[in-house]
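Novice: Need the 3D shape of this:
(one chain, ligands or ions: 1)
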Amino acid sequence: MIFVNFKTYESGTGGKALLLSKIIEEVSKESGVKIIPVVQSSDIKEIASTVSIEVWTQKIDPVEFGAHTGSIIPEAVFEDGAIGTFLNHSENRFNDFESLAKAHDRAKEVGLKTLIFAKDLEELTKVSSLKPDYISYEPPELIGSTDISVATAKPEIIQKASEISKQVGIPLIVGAGVHSFQDVKKCLELGAVGIAVASDIMNAEDPRKELLDLVEGYR
Ligand code: G3P
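Specialist: Numbers count the residues shown, from 1 in each chain. Have a look, this model is predicted:
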């Protein structure tokens, strides 16, 4: 599986996010590889009502109905059609583990699937205790890299992350700098079930071509 994180790229915002989601849907159906657009909360409703693949959101906040100006409440994104949510991405981390745990609880209360990011193996072990649907290892320093990927720079860590994943029984997703089918293949060989990618797709002149390249990693 491939999570495409739209972040706040222009190519992943509003009408452009909808167009990209349709391309992702087509490539996913053509290739048989599950590809999930992970979109801004403001775009979920339109995208989820247009495409017939899973759509996830990038974050929810650890809040309940009430006075929490500017927060993203899980009930809202679930009602809009989100199937799951990222949590603890290195670009939008919680201040402390308790807040992450509360956000995870809230996501589960409303029925969202969850993927929790970790920057290293210690954090991966810690977040596994929350029993998310997926755990993800992403070294922050490689995010957005166009030449060095997690697959080429951190194979030993991916291998160890995969051992943790097997011990806790939670599938592993790996990301940061992934930009070729070779990267995808390597991550899978090392024990990940999928990858998370952003800049390779979001900055691409031809995102379909890039997606078609990445899915080759599953051949
Ligand atoms: O969540 C995936 C993302 O952080 C990876 O970003 O640009 O290195 O593919 P990128």
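
Novice: just the strands in the protein please.
Specialist: Along the chain, counting by DSSP state E, strands occupy 2-5, 35-39, 56-57, 84-87, 113-118, 134-137, 172-175, 194-197.

Novice: Switch those over to CSV; also include mean pLDDT and distance to residue 206.
Specialist: C-beta here means a position set from N, CA and C on the backbone, and glycine is covered the same way. CSV is the format used below for these (pLDDT from 0 to 100; distance: least, Cβ to Cβ, whole Å):
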stretch, mean pLDDT, distance to residue 206
strand 2-5, 98, 14
strand 35-39, 98, 16
strand 56-57, 98, 24
strand 84-87, 98, 26
strand 113-118, 98, 27
strand 134-137, 98, 27
strand 172-175, 98, 21
strand 194-197, 98, 15
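
Novice: With distance to residue 45 and mean neighbour count as added columns, please give these in TSV.
Specialist: Shown next, in TSV, are the strands of the chain (distance: least, Cβ to Cβ, whole Å; neighbours: other Cβ atoms under 10 Å):
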stretch	distance to residue 45	mean neighbour count
strand 2-5	18	26
strand 35-39	10	26
strand 56-57	11	26
strand 84-87	15	25
strand 113-118	18	23
strand 134-137	24	26
strand 172-175	25	27
strand 194-197	23	26
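
Novice: how about the ones you listed in JSON lines, adding distance to residue 210?
Specialist: Putting those into JSON lines (distance: least, Cβ to Cβ, whole Å) gives the following:
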{"stretch": "strand 2-5", "distance to residue 210": "10"}
{"stretch": "strand 35-39", "distance to residue 210": "12"}
{"stretch": "strand 56-57", "distance to residue 210": "19"}
{"stretch": "strand 84-87", "distance to residue 210": "21"}
{"stretch": "strand 113-118", "distance to residue 210": "21"}
{"stretch": "strand 134-137", "distance to residue 210": "20"}
{"stretch": "strand 172-175", "distance to residue 210": "15"}
{"stretch": "strand 194-197", "distance to residue 210": "9"}
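
Novice: Adding distance to the ligand, write these out as TSV.
Specialist: Shown next, in TSV, are those (distance: least, Cβ to the nearest ligand atom, whole Å):
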stretch	distance to the ligand
strand 2-5	4
strand 35-39	7
strand 56-57	11
strand 84-87	7
strand 113-118	7
strand 134-137	7
strand 172-175	4
strand 194-197	4
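
Novice: Show me what from this structure comes close to the ligand.
Specialist: 5, 89, 138, 143-144, 175-178, 196-200 (Cβ under 6 Å from any ligand atom).

Novice: 5 Å instead, please
Specialist: Within the chain, the positions adjacent to the ligand are 5, 143, 144, 175, 176, 177, 196, 197, 198, 199 by Cβ under 5 Å from any ligand atom.

Novice: so which of those comes closest to residue 50?
Specialist: Nearest to residue 50 among the residues of the chain next to the ligand is residue 5, at 19.1 Å by Cβ to Cβ.

Novice: give the contact list for that closest one.
Specialist: Contacts of residue 5 were listed using Cβ atoms under 8 Å, 6 or more residues apart in numbering, and they are 38, 58, 86, 89, 175, 196, 197, 198.
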